[in-house]
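Undergrad: for reference, the sequence and a predicted model appear below.
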There are 4 protein chains.
Amino acid sequence: MTIHRPTEGIGKDVADWWQTEIIDMAPGEIRYRGYPIEELIGNLSFSEMIWLMVRGELPSHDQGLLLDAALMSAVDHGPQAPSIAIARMAATCGVGLNNAMASAVNVLGDVHGGAGEQAVAIYQEIAHLMDSENVSLKNATEEVLDAYIEENGKYIPGFGHRFHPIDPRAPALLGLVRKYAKGIEISGRYADIAESIEQVMEQRKGKKIPMNIDGATAIIYAELGMPAELARGLFCLSRSVGILAHAWEQTTQGGRNKGPIPRNLLWTYTGKKQRSYQHLD
Amino acid sequence: MTIHRPTEGIGKDVADWWQTEIIDMAPGEIRYRGYPIEELIGNLSFSEMIWLMVRGELPSHDQGLLLDAALMSAVDHGPQAPSIAIARMAATCGVGLNNAMASAVNVLGDVHGGAGEQAVAIYQEIAHLMDSENVSLKNATEEVLDAYIEENGKYIPGFGHRFHPIDPRAPALLGLVRKYAKGIEISGRYADIAESIEQVMEQRKGKKIPMNIDGATAIIYAELGMPAELARGLFCLSRSVGILAHAWEQTTQGGRNKGPIPRNLLWTYTGKKQRSYQHLD
Amino acid sequence: MTIHRPTEGIGKDVADWWQTEIIDMAPGEIRYRGYPIEELIGNLSFSEMIWLMVRGELPSHDQGLLLDAALMSAVDHGPQAPSIAIARMAATCGVGLNNAMASAVNVLGDVHGGAGEQAVAIYQEIAHLMDSENVSLKNATEEVLDAYIEENGKYIPGFGHRFHPIDPRAPALLGLVRKYAKGIEISGRYADIAESIEQVMEQRKGKKIPMNIDGATAIIYAELGMPAELARGLFCLSRSVGILAHAWEQTTQGGRNKGPIPRNLLWTYTGKKQRSYQHLD
Amino acid sequence: MTIHRPTEGIGKDVADWWQTEIIDMAPGEIRYRGYPIEELIGNLSFSEMIWLMVRGELPSHDQGLLLDAALMSAVDHGPQAPSIAIARMAATCGVGLNNAMASAVNVLGDVHGGAGEQAVAIYQEIAHLMDSENVSLKNATEEVLDAYIEENGKYIPGFGHRFHPIDPRAPALLGLVRKYAKGIEISGRYADIAESIEQVMEQRKGKKIPMNIDGATAIIYAELGMPAELARGLFCLSRSVGILAHAWEQTTQGGRNKGPIPRNLLWTYTGKKQRSYQHLD
């Protein structure tokens, strides 16, 4: 079978403006990364499709399951998170679910959604240091943490939680990684690295600063070979689920133009005293 | 075990401002819809978690698989779709992946992302008419289509495609629905309704206007009992995958401030002739 | 001087894909609506430029001033409005000011930002009824209100306020309209219409439901001949100022990942009791 | 007159959660930065209100005019800019003008909207070096440019243009700055700094790399004492006008689900050859 590109003879220069390896189409035909969509339907899970789309190849069974676990475990942390609160507020403003989701996903920035990405970067840097300079796990951990703290301050992304003494998601995810770490494909190395960070921090601070959800999903993303930046994108997919669920629940609850605090409470004004406008010539 | 609500005695009125049935938390504890997250990790797939979050109960095995198929089949339709183009452009503008995803998901509005929602509504209306007034499938289809066309024009959402003579995703999804339609839970009834629409339209127009991806996923969403409006939210989750994949690919390709067409082509100016500003007193 | 279109001879069909009457460019040359930008700089105010961009012609001096007043008076209504709250929350999430502004402007939907648009539509409908069927102001007002209330419920957009007994912006803006209503260009007719609505509502309810900021700016937008839908766009420009100011203030205050309510207050969980996951085969 | 804060006695802790110096309200009363809104209406221009909101004080007459010029001159650069293209595409997708504006403003990131901010930072750094270490203008310029180039590469934000040999907006804005630079309030110093950058670059490259719109508005923002980061926010306000104008024009033109290039052109697929799915156990 030959796919006749609809662009042939029309304006190759213009079609070249956008290039992609993700999708190819012809009338009646859609291929994702080379595979006809009709062969994937019924065979590939949603998480496996996510992998295929961002990586270009099919995942192994175990890779698919670990990605699945990382995605399903981070969907929500309640309406006190700005993203979830924004989704609920937006749903009372007379916009569509797509708009509510957009306003919310948009704030998953460096501070709100970036801890996982940053943790992946730290893990990968430790691994890189071990490989490139033959440093021990403990020493590499110390060195990378020292450099991170000097530049960014004392909080290590992925460890510690302002609310949970122990984040219940972390041990469950770590257990899964250990279960599937059977060899080269999923090595378990990044679980070791994350635990080494916990140990170094405990030695230094005299108390445990346990891994949180971001630190745990970062282990999975690192094990799966995801670039750090892409890990944030995957977190956005995951949190979009909670965002949708809360926007939808708020829609069914009703409420119009509902702000962040009860109407009688307002805010605290700390500015200039009352003053009168006087025109200056 | 008793969960002590952190709000007790502090300010019940304020905590009451946001009410949710989705998530409950206490230090060290996170429950989605009542289930502790650590019991779900490793047991629930991403799609099953999506179901739990928006519906409140666990799906059956077959319900989970059908939702999975609807989500994985609609992830992308290439950079000519405004949402995908926007994701790629945004990725060249110096914003994060979360921002690129937000600008793109935001445009999945009535025209770009709403066909599935509208098809679900049509299917449900036909079913409702059959049940409430004991009308035959064919007659209910005729009546609902007539009313829809009178109000909205001749295009029926979910049927026909400007590019694909046959959308290859539709028959594959329909086959899955037929496979899993074993009884009450997944009845197959909405597959019958969609096919009835195809038949009525073919009789009227003298040619087949085959079901497209929106019409096919709408069968699944209707079979699964999803409200029409929520179907759009689920489509947003699905398309977010393609949006992420294209934003990420564009990021790795580089390109800065890349607009919709090559720079030497500009646009066509159709406005006022050149004129000079003259100050009017 | 001849402008050589850079597209000539390259691919007219593609350049034709986007057509605009707003801007024309050639190397070294930029014209807005036909006027060279260098002639406008120093002569046109920001508000006059807004008029030129959306309307295609220069405003008169008085039209410019009234548009200016509508824009400057609606910039902010405090952090209890969802849009302002979202801007402030976003500013704590590690995203840019552009992103914070986007998440916030996005929620100025039918409920949060649409009252002005809806009021313009009501005013225009009353005027149209007077002109087309020679109905008196009072009768046209009654008729349009009756139809509106039957379809949308008892609240008339632009009138009444849940917080202010009298919105201090409304009389000030109304005074300006009266001041500039000198003849055909700014007729004062829509001020009459708005006051007629107040009178009819007072007669019906036995108490005054005074015009609010949306009702007052709608008078201006209607006097200036703005289509109702565009009035919302202009409101978005106006409120973007408050959105920026609050996002910027929050940025200078610091705060990280700051949600809508103090962290110890959480929300009220109203869902399913604690339950345990059991795998179903 | 005493303003009774509605929060008194209700829950000071909660009201304290959001603190602002921008706006204070009581029933019937709204004060921006201490000034009652009804005294500002009819007296303050839109640009002067923008200044008051972000700076906390009223601008002088000349400061207001210069801010006005910076805002009105950068409203649009045509549909080839990603922000404008996104606004137009969004307008064909069935979302509101507020949503189209949000998706577009959102991409005014470091690359697309950040040049002005970066130029302000460079100008301020040169001024700071002159003041703190008593360095000459020429030497300070050389030193700051060297450091910038070493870190960021050879392109200096605010200078040079890929389309315009001379950006017609730059000389017009520079002329205005020179006109209003009468003393301490508007010193003209940042115009000298920008011209010094032009001179140093010309000496080094042997050809002129003239100031563009971002370099020229950056002079104004620096003269007006705006922090660099805020300059981007102000640019977002300015470009929002072009974004609205194009979204609105596209709305009136119609068009549904209109992507970035004509439908028959598609894109170029550069990925994996056609391949068939095979299930791996």
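TA: Yep, it's here. Everything numeric here is computed off the predicted structure, so don't read it as measured data. Numbers count the residues shown, from 1 in each chain, chains lettered A, B, ... in the order given.

Undergrad: now do the residue of the stretch 1-150 of chain A found nearest chain D against A:L58, distance only.
TA: Closest to chain D within the stretch 1-150 of chain A is A:E21: 3.0 Å, counting by C-beta to the nearest C-beta. All C-beta atoms are positioned from the backbone trio N, CA, C, and that covers glycine. Here A:E21 is placed at a distance of 15 Å from A:L58 (C-beta to C-beta, to the nearest Å).

Undergrad: and what of A:I23?
TA: As judged by C-beta to C-beta, A:I23 and A:L58 stand 16 Å apart.

Undergrad: now swap in A:L265 and tell me
TA: Taken as C-beta to C-beta, the span from A:L265 to A:L58 is 53 Å.

Undergrad: circling back to that earlier point, mind checking the SS state of the nearest residue to the residue of the stretch 1-150 of chain A closest to chain D once chain neighbours are set aside?
TA: In space, and not counting its chain neighbours, A:E21 is closest to D:G271: 3.0 Å by C-beta to C-beta, 6 or more residues apart in numbering or on different chains. Here D:G271 is coil, with the state taken from DSSP: H, G, I helix; E, B strand; the rest coil.

Undergrad: now D:G271, what are its backbone angles?
TA: With angles defined as degrees, to the nearest 10, D:G271 sits at phi -100, psi -160.

Undergrad: burial check on it, number of neighbours?
TA: If you count neighbours by other C-beta atoms under 10 Å in any protein chain shown, D:G271 ends up with 16.

Undergrad: scan chain A for its longest helix.
TA: If you go by DSSP state H, chain A has its longest helix at helix A:228-253.

Undergrad: quick one: buried residues of that one?
TA: When burial is assessed from 16 or more other C-beta atoms under 10 Å in any protein chain shown, helix A:228-253 yields the following buried residues: A:228-251, A:253.

Undergrad: now the residue positioned nearest the centre of chain A: closest residue in space, sequence neighbours ignored.
TA: With distances taken as C-alpha atoms, centre = their mean, the residue of chain A nearest its centroid is A:F235 (1.9 Å). Closest residue in space to A:F235, ignoring its immediate chain neighbours: A:G116 at 5.1 Å, by C-beta to C-beta, 6+ apart.

Undergrad: in which helix or strand does the one you found reside?
TA: helix A:115-133 (DSSP states H and E).

Undergrad: relative to helix A:115-133, how tilted is the next helix or strand along the chain from that helix?
TA: Reading on from helix A:115-133 to the C-terminus, the next helix or strand found by DSSP H and E is helix A:137-152. Interaxial angle, helix A:137-152 versus helix A:115-133 (axes from the mean of the first three to the mean of the last three C-alpha atoms, to 10 degrees): 130 degrees.

Undergrad: tell me what helix A:137-152 is packed against?
TA: With contacts taken as 3 or more C-beta pairs under 8 Å, 6 or more residues apart in numbering or on different chains; DSSP states H and E, helix A:137-152 sits against helix A:115-133, helix A:189-205.

Undergrad: more crowded one of A:L265 and A:L58?
TA: Taking other C-beta under 10 Å, A:L265 and A:L58 do not tie; A:L265 has more neighbours (26 against 22).

Undergrad: ok so A:M25 is a strand residue?
TA: Yes. A:M25 forms part of a strand when assessed by three-state DSSP.

Undergrad: considering only helices and strands, which part of chain A has the lowest mean pLDDT?
TA: In chain A, no helix or strand scores lower on mean pLDDT, DSSP states H and E than helix A:12-15, which sits at a mean of 65.

Undergrad: can you pull the domain assignment for chain A?
TA: Per the record, chain A has its domains at A:21-58, A:112-238, by automatic domain parsing.

Undergrad: any buried residues in the shortest one, and which?
TA: Judged by neighbour count using 16+ other C-beta under 10 Å, the buried positions of domain A:21-58 are A:21-26, A:29-56, A:58.

Undergrad: chain center to that domain, what's the gap?
TA: 22 Å (C-alpha atoms, centre = their mean, to the nearest Å).

Undergrad: measure A:P157 to chain B for me?
TA: Distance, A:P157 to chain B, using C-beta to the nearest C-beta, to the nearest Å: 15 Å.

Undergrad: tell me the phi and psi of that residue?
TA: phi -60, psi 130.

Undergrad: so it sits against A:G113, correct?
TA: No. Here A:P157 does not reach A:G113: they are 11.0 Å apart, not a contact under C-beta atoms under 8 Å.

Undergrad: which of those two has more residues huddled nearby?
TA: Counted by other C-beta under 10 Å, A:P157 and A:G113 do not tie: A:G113 has more neighbours, with 31 against 22.

Undergrad: residue of the stretch 151-281 of chain A nearest chain D, please.
TA: Closest contact between the stretch 151-281 of chain A and chain D, by C-beta to the nearest C-beta, is at A:G271 (3.0 Å).

Undergrad: ok, that residue - contacts?
TA: Residues in contact with A:G271, defined by C-beta atoms under 8 Å, 6 or more residues apart in numbering or on different chains, are D:T20, D:E21, D:I22, D:D24, D:R33, D:G34, D:G56.

Undergrad: and if we set it to 7 Å?
TA: D:T20, D:E21, D:I22, D:D24, D:R33, D:G34 (C-beta atoms under 7 Å, 6 or more residues apart in numbering or on different chains).

Undergrad: who's in contact with the nearest residue to the last one once chain neighbours are set aside?
TA: When the adjacent residues along the chain are set aside, D:G34 lies closest to A:K272, with 3.6 Å between them (C-beta to C-beta, 6+ apart). By C-beta under 7 Å, 6+ apart, A:K272 lies in contact with D:E21, D:R33, D:G34, D:G56.

Undergrad: and if you look at A:I23?
TA: With contacts defined as C-beta under 7 Å, 6+ apart, A:I23 is in contact with A:I30, A:R31, A:Y32, B:D76, B:G78.

Undergrad: specify the beta-bridge partners of the third one.
TA: Beta-bridge pairing for A:Y32 (DSSP bridges): A:I23, A:Y35.

Undergrad: right, and it touches A:L52 too?
TA: Yes. The criterion here is C-beta atoms under 7 Å, and A:Y32 meets it with A:L52 at 6.2 Å.

Undergrad: switch the helices and strands packed on helix A:137-152 over to JSON lines; also include mean pLDDT and mean neighbour count.
TA: Below are the helices and strands packed on helix A:137-152 laid out as JSON lines (pLDDT from 0 to 100; neighbours: other C-beta atoms under 10 Å in any protein chain shown):
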{"stretch": "helix A:115-133", "mean pLDDT": "97", "mean neighbour count": "21"}
{"stretch": "helix A:189-205", "mean pLDDT": "97", "mean neighbour count": "18"}
